[in-house]
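A.B. asks: Output the structure for:
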Amino acid sequence: MSITAPSIIRIARLSHEGMDVAAALRDGGVTDIYAIPAKAVPLYGMVTLGRIERLMAKSAIVDIGSAGQAWLAPTPGDMAAGDTLKLRVVAEAAPGKLPRILRAEDDAQETRPALTVLERALEDHPGAIILESPSEEDETAIENALREISTPYAPLPEGGSLMIEPTSALVAVDVNAGSMRGLNAVNAAAVKALARHMRWRQLCGLIVMDCAGSITNAANRASLLDLLKSTFADDPAGVHVHGLSKLGLAEITRTRRGWSWHEARHL
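C.D. replies: Here you go, the predicted structure:
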């Protein structure tokens, strides 16, 4: 019995619309896209010292120097206002919010700068090959992916589509069947496309997908939930499927780390 070796991830770095971008590729296709806005100072991955300014029940506001304030949650039990801690930034600030930090591991180096866009990609794909000069096939795959995420519209087979629209509260995803037949087939194609776009667009936080049909049949609901969980299982950011509402809304959360593609384009 022959065993197929896992394909090797390749990472290409490029400039796009003034952003510093890295794309991870496998088997001729793009798996992940990472972006750092041209005018923003990245913080994700930085290890720094911070001083607790305000202590609350389960969180704290921390001064992290020139980077400003950050939100620490949960808080260690052995701390008080004014204490200095070694901290790691685990999420860039969302619009109107502070970056999120955690207490750094004891063996973490004293300080380190934020991760570069290549380091972000390598964090998810350790051992990947950095491409000095991407092939024509890779360049075409990257160009096609970047073109696809430049609008809210994401195509499905037979004229179907997703409309992916980030808001301040959540990411709304609407499934349009087009001429596709069979609600189960439509929703299966939508889940596969959403998994791809979550990683291309770096969608994070609460993601709500309005599935095709009302999905009242218990077997169909269970099958769709199983498909959601299995499809998102290998996402390096970490995805949790919370369930399906009575109205057929799939409720999903994806861990925030860097900026989403939408945020990076508009910062």
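
A.B. asks: Spell out for me which residue occupies the centre of the chain.
C.D. replies: Among the residues of the chain, Q202 comes closest to the average C-alpha position under C-alpha atoms, centre = their mean, at 3.2 Å.

A.B. asks: Report pLDDT for that residue.
C.D. replies: As summarised for this prediction, Q202 has a pLDDT of 98.

A.B. asks: Report the contact partners of the closest residue to it other than its chain neighbours.
C.D. replies: Leaving aside its chain neighbours, Q202 sits nearest to S260 (4.7 Å; criterion: C-beta to C-beta, 6 or more residues apart in numbering). Using the backbone N, CA and C atoms, a C-beta is placed for each residue, glycine as well. Under the criterion of C-beta atoms under 8 Å, 6 or more residues apart in numbering, the contact list for S260 reads P166, R201, Q202, L203, C204.

A.B. asks: So which of these are in strands?
C.D. replies: P166 (DSSP state E).

A.B. asks: Distance to A219 for the contacts of S260 - can I get that in JSON lines?
C.D. replies: Shown next, in JSON lines, are the contacts of S260 (distance: C-beta to C-beta, whole Å):
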{"residue": "P166", "distance to A219": "33"}
{"residue": "R201", "distance to A219": "32"}
{"residue": "Q202", "distance to A219": "34"}
{"residue": "L203", "distance to A219": "29"}
{"residue": "C204", "distance to A219": "31"}
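
A.B. asks: Drop anything exposed from the contacts of S260.
C.D. replies: Neighbour-count burial (16 or more other C-beta atoms under 10 Å) is assigned, among the contacts of S260, to P166, R201, Q202, L203, C204.

A.B. asks: which two from these end up farthest apart in space?
C.D. replies: By the measure C-beta to C-beta, P166 and Q202 form the most distant pair in the buried ones among the contacts of S260, at 10.6 Å.

A.B. asks: what about the residue nearest to the centre of the chain, distance to P236?
C.D. replies: In this view, Q202 and P236 are 11 Å apart by C-beta to C-beta, to the nearest Å.

A.B. asks: Where does A188 sit: helix, strand or coil?
C.D. replies: On the three-state scheme (DSSP: H, G, I helix; E, B strand; the rest coil), A188 is labelled helix.

A.B. asks: any idea where the helices of this structure begin and end?
C.D. replies: 117-124, 136-148, 183-200, 218-231, 261-266 (DSSP state H).

A.B. asks: rewinding a little: which phi and psi does the residue nearest to the centre of the chain have?
C.D. replies: Taking degrees, to the nearest 10, you get phi 50, psi 50 for the backbone angles of Q202.

A.B. asks: which ones are touching it?
C.D. replies: For Q202, the contact set (C-beta under 8 Å, 6+ apart) comprises I33, Y34, A35, A237, R257, G258, W259, S260, W261.

A.B. asks: And R256, by the same measure?
C.D. replies: Contacts were defined as C-beta under 8 Å, 6+ apart; by that measure R256 touches A91, E92, A94, R100, C204, G205.

A.B. asks: hang on, the earlier thing: could the contacts of Q202 go into TSV alongside pLDDT and distance to M180?
C.D. replies: Supplementary listing: those in TSV, determined by pLDDT from 0 to 100; distance: C-beta to C-beta, whole Å:
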residue	pLDDT	distance to M180
I33	98	26
Y34	98	32
A35	98	31
A237	97	29
R257	97	33
G258	97	33
W259	97	33
S260	97	28
W261	97	26
